[in-house]
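> predicted structure and sequence below. I'll ask about it afterward.
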Amino acid sequence: MPLSPEKVYGPLVLGSLFASFLSGLMTLQAIIYFRLFSQDTKSLKTVVIIVWVLDLLHTAFMWEGMWFYVVKNFGDESKIEVINYCLPGAGIATAIVTVITHCFYVHRIFLLSNRRYWIAVPILVVAFARMCGAFVVSAAMLRITTFAPLLLHFSWVATVSLDLSCAVDILITLSMFVLLRMGRDKSLTLNHVIDRLVLYTFETGTLTGCATVVAMICWVVVPNKLVFLGLYFPIGKLYANSLLGSLNARYYLRNLKKPGVSLPFASSMSFAIGSNDGNDTTRTRDCPLKQVISRLSRNAQPLEEVEVSVQREVHYDSQASSNSSPKSEV
């Protein structure tokens, strides 16, 4: 069935506008991150920079495509069926940002689970399978260059890719939820912080998962109208904002701690609670100041008692007038 202008332009323009808003939010979060967490590791800063650059690249591809369809070839119905090179470019950028975000959360799950590979590895495999599916669809878009053959021969690949993305979001959300709840049962002093983490995990996982599910439904139900593209454009930016929001949330979570409690954020990539040696959930090594104070308190010697005696003598001058004041010496 041929595509009409409103079936192409409408979803693309609306999706691009919303995605641009999310891109601005991503830039704001990146600036906040580098101002608040300048002491983070270089590897984590590199991840943030890569995601930020990919997000900006995705925005550039997106609006270059809008220029091709809405401005340069406006009114030319022969160009509606053409797949501009910017669409697969945006798809590749989305796939890379998505897999980076998934790997970030899988790493947290790995640490929270006390390095249990059987929990983290299956999620990681599904995440990379999803990325491969997105690469296949993007390569097909570059090779076929028109929508009709793409929808006919590669719709199942896109469907599987979206299904895998939904599966990864669900697995990550459930794993984080269960592991955090287990950590809550072991901790009495950090329950309020863990509750916030559980809520934040549920909200971010639900947001990205619901967006992917809605895009998948539109792809399956109305593939010929390309409505899914309007929903697919913002998905990568939702993942990018999820990653940066998770990092920046550490500042808020640290302010929730009670006096005398050190939150276990020694690793900026981890929300892991407690230590492997069975010690208390509050870790002295997380805070250098606490470590110094602890050493000083262990090595301190008892203070010696010092007695201070004060003698006071008062002398009167017989020749002085009666109104003169006495002199005091200590």
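Received, thanks. Numbering: from 1, shown residues only.
> make sure Met216 is actually in contact with Ser161.
No - using C-beta atoms under 8 Å as the test, Met216 is too far from Ser161 to be in contact (9.1 Å). To be clear about C-beta, it is placed using only N, CA and C from the backbone, and glycine gets the same treatment.
> of the two, which one has the most company?
Taking other C-beta atoms under 10 Å, Met216 and Ser161 do not tie; Ser161 has more neighbours (25 against 20).
> look up the closest residue to the more buried one, ignoring the ones flanking it.
Gly133 (3.1 Å; C-beta to C-beta, 6 or more residues apart in numbering).
> pLDDT of the one helix or strand the one you found maps to, averaged?
Assigning secondary structure by DSSP states H and E places Gly133 in helix 117-144. What helix 117-144 shows for mean pLDDT is 93.
> next structured bit after it?
helix 147-153.
> now do the buried residues in that next one.
Phe147, Leu150, Leu151 (16 or more other C-beta atoms under 10 Å).
> just confirm the first one contacts Leu87, I think it does.
Okay, so that is Phe147. No - here Phe147 lies out of contact with Leu87, judged by C-beta under 8 Å, at a distance of 9.6 Å.
> please enumerate the helices of this protein.
Under the criterion DSSP state H, the chain contains helices at 5-36, 42-66, 86-112, 117-144, 147-153, 155-186, 191-221, 227-254, 288-299.
> Lys79 is nearest to which of those helices?
For Lys79, the closest of those is helix 5-36, at 9.6 Å, according to C-beta to C-beta.
> can you check what angle separates that closest one from helix 86-112?
Helix 5-36 and helix 86-112 are oriented at 40 degrees to each other (axes from the mean of the first three to the mean of the last three C-alpha atoms, to 10 degrees).
> now do helix 5-36: which elements does it pack against?
If you count contacts as 3 or more C-beta pairs under 8 Å, 6 or more residues apart in numbering; DSSP states H and E, helix 5-36 packs onto helix 42-66, helix 227-254.
> excluding chain neighbours, what is closest to Leu57?
Leu57 sits nearest to Ala93 (C-beta to C-beta, 6+ apart), 5.3 Å away.
> repeat for Val213
That would be Cys166: by C-beta to C-beta, 6+ apart, it lies 5.6 Å from Val213.
> can you report how many residues neighbour the one you found?
19.
> that one touches Thr212, doesn't it?
Yes - contact criterion C-beta under 8 Å: Cys166 and Thr212 qualify, at 5.1 Å.
> if we can go back for a sec, okay if I get the helices of the chain as CSV plus distance to Glu77?
What follows is the helices of the chain, written out as CSV (distance: least, C-beta to C-beta, whole Å):
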stretch, distance to Glu77
helix 5-36, 7
helix 42-66, 17
helix 86-112, 18
helix 117-144, 19
helix 147-153, 13
helix 155-186, 23
helix 191-221, 23
helix 227-254, 18
helix 288-299, 67
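> hey, least reliable of those helices by pLDDT?
helix 288-299 has the lowest average pLDDT among those, namely a mean of 41.
> what distance do you get for the residue nearest to Leu12 when sequence neighbours are not counted to Gly10?
Spatially, and ignoring its direct neighbours in sequence, Leu12 is nearest to Leu229 (5.9 Å; C-beta to C-beta, 6+ apart). According to C-beta to C-beta, to the nearest Å, Leu229 stands 10 Å off from Gly10.
> the more surrounded of those two?
Leu229 (23 against 15).
> show me the contacts for the more buried one.
Neighbour list for Leu229: Pro11, Leu12, Gly15, Leu87 [criterion: C-beta atoms under 8 Å, 6 or more residues apart in numbering].
> now with 10 Å?
Counting by C-beta atoms under 10 Å, 6 or more residues apart in numbering, Leu229 makes contact with 8, 11-12, 14-16, 62, 65, 87, 90-91, 147, 215, 218-219.
> just the closest of those residues to Val71, please.
Each of those was checked against Val71 using C-beta to C-beta; the closest is Gly65, at 10.7 Å.
> does the closest one touch Asn84 like I think?
Yes - contact criterion C-beta atoms under 10 Å: Gly65 and Asn84 qualify, at 4.9 Å.
> overlap in contacts, the two.
Joint contacts of Gly65 and Asn84 (C-beta under 10 Å, 6+ apart) are Ala90.
> returning to that earlier point: which residues do Phe147 and Leu87 both contact?
With C-beta under 10 Å, 6+ apart as the test, Phe147 and Leu87 both reach Met141, Leu229.
> number of nearby residues for the residue nearest to Leu57?
Count around Ala93 with other C-beta under 10 Å applied: 24.
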